[in-house]
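**Student:** Output the structure for:
(one chain, ligands or ions: 1)
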Amino acid sequence: MTLSLASIAVLGRRDLKIPAYDRNRVSIGIVHFGPGAFHRVHQACYVDDILHSDPRWGICEVSLHSTGVRDALVPQDGLYTIAILDEQSSFRVIGSVKEVLVAPESPSTVLERMASPATRIVTATITEKGYCLDKNGGLDVSHPDIAHDLQNPATPRTFVGFLARALRMRHDLGHEPFNVISCDNLADNGHRLRRAVLDFVRASDPTLTAWIEEQVPFPCTMVDSITPATDDALRLRVKEALGVEDLWPVRRELFCQWVIENKLRGPQPDWAAVGVTVTDDVAGFERAKLRLLNGAHSTLAYAGSLAGYDTVSSAIADEALATFVRRMMIEDIRPGLAPPEGLDLDGYIAAVLRRFRNPTIRHLLAQIAWDGSQKLPFRTLPVIAENLAAGRSIARLCVPLAAWFHFIRRQVRHDRQIVDPLAAELAERAQRCNGDSANDVSTFLGLEKVFSTELAGNATFRARLELAYAHLADVEGPPTLGAALAKITARAGQEIHP
Ligand code: CS2
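**Tutor:** Numbers count the residues shown, from 1 in each chain. Here you go, the predicted model:
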């Protein structure tokens, strides 16, 4: 038996939460792009809470590429399980997914849903690369899918293309626009998306520009919950817990946070009632999270992999690595943050490190190591640029970058896959490396889509990066990693702190 509206009725476990509302009364009020694991443990879970008191906010999920989520969830009437893994684990069946569409199969149905007057919110978790931005933060019009959408606006392939077309339809139908809520780990995610949509519309449908500028809210957000990818062990565990099979359960830690900028218009769910923070100062939350949590994650992913660790909890159990990451957070990242009222950065750092230690979550470093070319420019490069300008230390901050370079080289050397939109260019550059720090660092700094000319040309940056790269070259296990980190930390100690 698999999970479905019929089978859910007979699931009787007391530690299992199931939708306690009438699914038939739920209508679609949200269209979401990118129904991956993160969305399903996060936004869809908040919406599930909302549906207990307000049935207008069911979700129409849109996959831009794969059919996997549709194939798993449609036979289950959209239901799926979240395993919440922490000191005390629990299971919860989510009922907020009303429909799953695969965009390339039915772009016009997707547009219809977006243009419906009942749809007041469009959300997205399409990862950094889904925004098709160039390194200056504008829309990359040379991106093949964007070029396609500019030529074929009625059958878009990208999220930006769908937004532009759907907004045109709503405008012509005389409907209020929807709110566009980016839920990806990009600094200023709402502003960036707004700029991308306006760039697109200026090039394809300029008379719509003013309406979008004036009428369409693009709030910035901060989203947070650690979500390891689903594996067979989870499938089995959920099956044992539920007594029925779930084709695609998801899992997360207990901690879950969503902060939305106070810009939403029109009818909205009661966000505050389900624990979502709506505030004027989202930037403070978002920077702290991106730089501290995600920055530390990437550091663990690359440096930890070099030492042979495979999960976050095993890497953070390495005392030398944990101390290094903690000092990087406190001494190098925190000084540049302006926390919003109520956010205690010391407490936040301690809580993040505690979350990394969660032994019930098997979070693979390999998963975090994906898409380094897209993630590091938001997590680490801005901190380096700001620290350079302020005369603060960058020696430790060069570790995630130098370790990323070594990680790429090792993937190539062992013929392992590089998961990154720049995979081909990364592999090509790795092949040009010869172990000489100056040569190799120069080769990677030539990645124009990642490093600005200004940063790549900064002599201090280059020197610190070469130093970190040289020390990390010898890492082949925990002791050599510890030794390398100690040398890099000693260098950080000599840097001037005005
Ligand atoms: C991680 C994030 O995979 C990654 O790059 O750093 O997915 C992280 O787990 C989430 O942002 C936590 O909210």
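**Student:** in the stretch 301-450 of the chain, what residue is nearest the ligand?
**Tutor:** Ile368 (4.1 Å; C-beta to the nearest ligand atom). C-betas here are computed from N, CA, C, even on glycine.
**Student:** and if you look at the stretch 1-150 of the chain?
**Tutor:** Phe38 (6.6 Å).
**Student:** any idea which element that residue lies in?
**Tutor:** helix 37-41 (DSSP states H and E).
**Student:** pLDDT of that helix, averaged?
**Tutor:** For helix 37-41, the mean per-residue pLDDT is 98.
**Student:** what does the one helix or strand Ala492 maps to rub up against?
**Tutor:** Counting by DSSP H and E, the element that carries Ala492 is helix 478-494. By C-beta atoms under 8 Å, 6 or more residues apart in numbering, the surrounding residues in contact with helix 478-494 are 303, 306-309, 318, 320-321, 324, 327, 331-332, 393, 395-396, 398-399, 464, 467-468, 471-472, 474-475.
**Student:** Pull out the buried residues from it.
**Tutor:** Pro478, Thr480, Leu481, Gly482, Ala484, Leu485, Ile488, Thr489, Arg491, Ala492 (16 or more other C-beta atoms under 10 Å).
**Student:** same deal with stretch 53-70?
**Tutor:** By 16+ other C-beta under 10 Å, the buried positions in stretch 53-70 come out as 54-64, 69-70.
**Student:** what residues does the chain put near the ligand?
**Tutor:** Asn185, Asp224, Ser225, Ile226, Asn294, His297, Gln367, Ile368, Lys375 (C-beta under 6 Å from any ligand atom).
**Student:** and the third one, how far is that from His39?
**Tutor:** The reference is to Ser225. Distance of Ser225 to His39, given as C-beta to C-beta, to the nearest Å: 11 Å.
**Student:** Those two: who's more crowded?
**Tutor:** Higher neighbour count among Ser225 and His39: His39, with 25 against 18, using other C-beta atoms under 10 Å.
**Student:** Just give the nearest non-adjacent residue to that one, would you?
**Tutor:** Leaving aside its sequence neighbours, His39 sits nearest to Thr125 (C-beta to C-beta, 6 or more residues apart in numbering; 4.4 Å).
**Student:** From what I see, that neighbour and Gly34 are in contact.
**Tutor:** Yes - taking contacts as C-beta atoms under 8 Å, Thr125 lies within contact range of Gly34: 4.3 Å.
**Student:** Which elements pack onto the helix holding Phe38?
**Tutor:** Contacts defined by 3 or more C-beta pairs under 8 Å, 6 or more residues apart in numbering; DSSP states H and E place helix 37-41 against strand 80-84, strand 250-252.
**Student:** who's in contact with that helix?
**Tutor:** 32, 61, 80, 82, 94, 97, 123, 125, 183, 223, 225, 227, 229-230, 250-252, 256.
**Student:** How many neighbouring residues does Ser4 have?
**Tutor:** Neighbour tally, Ser4, other C-beta under 10 Å: 14.
**Student:** OK, contacts around it?
**Tutor:** Counted by C-beta under 8 Å, 6+ apart, Ser4 has contacts Pro75, Gln76, Asp77, Leu79.
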